[in-house]
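Colleague: return a 3D structure for these sequence lines:
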Amino acid sequence: MTDSKMTKLPKAVLTAAWAIALGAIAPMLDSTMMTIAIQQLTQTFATTLNVIQWAITGYVLALAIAVPISGWLMNHFNGKRIFIGAVIAFGITSVLAGFSWNVTSFIIFRLLQGFSAGIITPLMSTLLVKTAGPENLGRVMAIVSTPMIFGPILGPVLGGFILQVASWHWLFLINVGITLIAVPLMIHSLPNFEPFNRQSRLDGWGILMLSIMSATLIYGVSKAADYATFNNGETLLWVGIGVLMAVIYVIYDWRRQHQTVLPLNLFKHGQFAVASSGLFLANIAIMGPMLILPLFFQSFRHFTAIQAALAMMPQGIGMLVTRPLIGKWIDRFGAKRVVLLSLAVALIGSVPLMLMTDQTSMVWIALILFVRGISVGGINLPLTSDAYLGIPERQLAEAGVGINIIENVGSSFGSALIATIVATIGLGNHGTVQQQLAGFHAGFLVSVIVLLLLIGPALKLSQKK
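Modeller: Just a heads-up that it's a prediction; the model follows:
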C-alpha cells in the first residue's frame, strides 16, 4: 500500500464515520458531566448522596443490560435505523431527565438514558467496522474515538460551566441540541446496514444471563470502593452472583452449540481472544488513574471540581495530538508495533505518578499527564481494531457485544480496585498526609503493573510488513 493511498480515506467512509461519532458524543459527555452536579442535585431533591448515587450507578447498570440486546437488534434490523432511533431515544430521555420533578423520576429517566446509551455504544463500533473495511479500520477507529476523548476532557469542565451560568437542568437539555444536529447528518450520510444475521433467533435466556452477569459484576466491584475493601458482604454476594451467571452462560452456550447472543467460539479466533484480554487490562490501567487523579488534586491541592477537571486537560490534549496519527500507524504497521511503542510511552507517563507529592510542580504534573495522554489511544485503538480482524461478517454484532461487556467490566473493576487500594492504604480521610500519599502511590503502582502485564497480549497482536 502506498503512502498516498494511506493518507486519504474515501469521502463516503469519512463522512459516515464522523456522523456516527457525532451521534455518540452526547452519551459520552452526559456520563462525565453528571459527576460534577451531585451536590446540587442532592440539595435540589432534598435527598442523600447515597440516593443520588443511584442516578450514576443505575445509568451504568442499564447500559450494561442493554449491550447484549444491541447484538440481537443489529442481527435483525437495519443498523442505520437502530442507531438513529437510539440517538433520538437518548435525546428524548435527556429532556425527561432535565424536567424531573422528584428524585424517583430523575433516577428512572437516568435508567432509560443509560439503556439507550447501551444500544448506541456497541452499534458505534460495529457499524464503523462494517463501513471501513479492514484496510481503513485503524484510521476510522481513530475518528470514532473522538467522543471517548472529548467526554472525559470536556464533560466535567462543560458541566461546571453550565452549573455556574445556568442550572443542572441544562446538563441534560444541552443533549437536545446535539441530537438535532446529529440525526439529520446521520440520515443523510449513513448507508443502510443490512441485518448481519437475520437467521439468528432471539436468545432471550442468553440476553438475560449476560445482562445479570454484567450488572452484578459491575455493581459488586463498585461497592468494594464504598467499603474500601473487596472483603465485604455486598461485594462478595453480587460478584458471586455475576461469576455464577458467567459459569451458567458457558454451559448454556456449549449446550446451544454457540447459537447464542454471545457465542463463545468467538474466542477461538486468536486475535479476538488476545485483543479482548488486552482491552480488559487496558481499561484497568487507564480508567483507574482517571478516577483518582482528580481526587489527588482536590485532596492535596485543594482544587475545586472544575479546577481538578482543568488540571486533567493536558492528558486529553495528548490524546488529541496523536489520535489522527495512530489510525494511520495501525493501518500501515499493524497493532503490535503501535501498542508496544505506546506501552513504553505510557510507562514513562505513569511511573512518575508514583513519586508525586503535595509539593510537586503543576508544570511537571501537566507534562507527565500530556505524555500519558499521548499513549492512551495507541493502546486502546489498536486493541479494538485487532479484535475484529478475521471475524466473519455474520458474527460482527456478537463481537461488538463481547468487546463492550469486557470493556465495561474492566473499567469498573479497575476503578474499584484502585479506589479501594487508595482508601485502604491511605486510611480514607483519617490518615495523615503521608499515609494518604502512600495510598495514591499504591494506586498508581497498580496501573504500572497492569501496563507491564499488557506486554504479553501486545506481543501476539497483528503486524504488517
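
Colleague: C-alpha only now, for contacts and for neighbours.
Modeller: Fine.

Colleague: element containing residue 193?
Modeller: Under DSSP states H and E, no helix or strand contains residue 193.

Colleague: residues near residue 335, how many?
Modeller: Residue 335 has 30 neighbours, counted by other CA atoms under 10 Å.

Colleague: wait, it touches residue 457, no?
Modeller: No - using CA atoms under 8 Å as the test, residue 335 is too far from residue 457 to be in contact (10.9 Å).

Colleague: give me the buried positions along the helix or strand encompassing residue 375.
Modeller: For residue 375, the host element (DSSP H and E) is helix 362-387. For helix 362-387, a neighbour-count test (16 or more other CA atoms under 10 Å) marks 365-366, 368-387 as buried.

Colleague: now stretch 317-334
Modeller: Quick answer for stretch 317-334 (16+ other CA under 10 Å): 317-320, 322-324, 326-332, 334.

Colleague: of these, which belong to helices?
Modeller: Among the buried residues of stretch 317-334, the members falling in helices are 317-320, 322-324, 326-332 (criterion: DSSP state H).

Colleague: need those in a markdown table (columns: distance to residue 205 and pLDDT).
Modeller: Listed next are these as a markdown table, based on distance: CA to CA, whole Å; pLDDT from 0 to 100:
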| residue | distance to residue 205 | pLDDT |
| --- | --- | --- |
| 317 | 44 | 84 |
| 318 | 43 | 85 |
| 319 | 40 | 82 |
| 320 | 41 | 79 |
| 322 | 42 | 82 |
| 323 | 39 | 76 |
| 324 | 41 | 73 |
| 326 | 40 | 81 |
| 327 | 38 | 74 |
| 328 | 41 | 78 |
| 329 | 41 | 82 |
| 330 | 38 | 80 |
| 331 | 39 | 77 |
| 332 | 42 | 82 |
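
Colleague: how is residue 198 assigned, secondary-structure-wise?
Modeller: coil (DSSP: H, G, I helix; E, B strand; the rest coil).

Colleague: what pLDDT does it get?
Modeller: We have a pLDDT of 70 for residue 198.

Colleague: what of the one 5 residues further on?
Modeller: In this prediction, residue 203 carries a pLDDT score of 75.

Colleague: so that it lines up with my notes, have the first residue be 11 from now on.
Modeller: Let's use 11 as the start, then, which means that last one is residue 213.

Colleague: contacts only, for it.
Modeller: By CA atoms under 8 Å, 6 or more residues apart in numbering, the contact set of residue 213 is 82, 270, 271.

Colleague: most neighbours, which of the residues you listed?
Modeller: Highest neighbour count within the contacts of residue 213, by other CA under 10 Å: residue 271, with 28 neighbours.

Colleague: what helix or strand is that residue on?
Modeller: For residue 271, there is no host helix or strand (DSSP H and E).

Colleague: and which of the buried residues of stretch 327-344 is nearest to residue 227?
Modeller: Nearest to residue 227 among the buried residues of stretch 327-344: residue 329, at 29.4 Å, using CA to CA.

Colleague: so the closest one sits against residue 389, correct?
Modeller: No - judged on CA under 8 Å, residue 329 makes no contact with residue 389 at a distance of 10.9 Å.

Colleague: for residue 473, give its distance to residue 189.
Modeller: For residue 473, the distance to residue 189 (CA to CA, to the nearest Å) stands at 39 Å.

Colleague: tell me which of these two has more neighbours.
Modeller: Applying other CA under 10 Å to residue 473 and residue 189 shows that residue 189 carries more neighbours, namely 23 against 16.

Colleague: measure the closest residue to the more buried one other than its chain neighbours to residue 188 for me?
Modeller: The shortest distance from residue 189 to any non-neighbouring residue, by CA to CA, 6 or more residues apart in numbering, is to residue 101 (5.9 Å). Separation of residue 101 from residue 188 (CA to CA): 8 Å.

Colleague: spit out the residues that contact those two alike.
Modeller: Listed as contacting both residue 101 and residue 188 by CA under 8 Å, 6+ apart is no residue at all.

Colleague: burial measure for residue 292, as a count.
Modeller: Number of residues near residue 292 (other CA under 10 Å) recorded here: 26.

Colleague: contact partners for it?
Modeller: For residue 292, counting by CA under 8 Å, 6+ apart, the contacting residues are 389, 390, 420, 460, 461, 464.

Colleague: and what of residue 288?
Modeller: 393, 464, 467, 468.

Colleague: ok, back up a step: confidence score at the residue nearest to residue 189?
Modeller: 91.

Colleague: show me the contacts for it.
Modeller: Counting by CA under 8 Å, 6+ apart, residue 101 touches 185, 186, 189.

Colleague: tell me the secondary structure at it.
Modeller: helix.

Colleague: contacting residues for residue 252?
Modeller: With CA under 8 Å, 6+ apart as the criterion, the residues that contact residue 252 are 222, 223, 224, 225, 226, 227.

Colleague: secondary structure element for the fifth one?
Modeller: Assigning secondary structure by DSSP H and E places residue 226 in helix 214-237.
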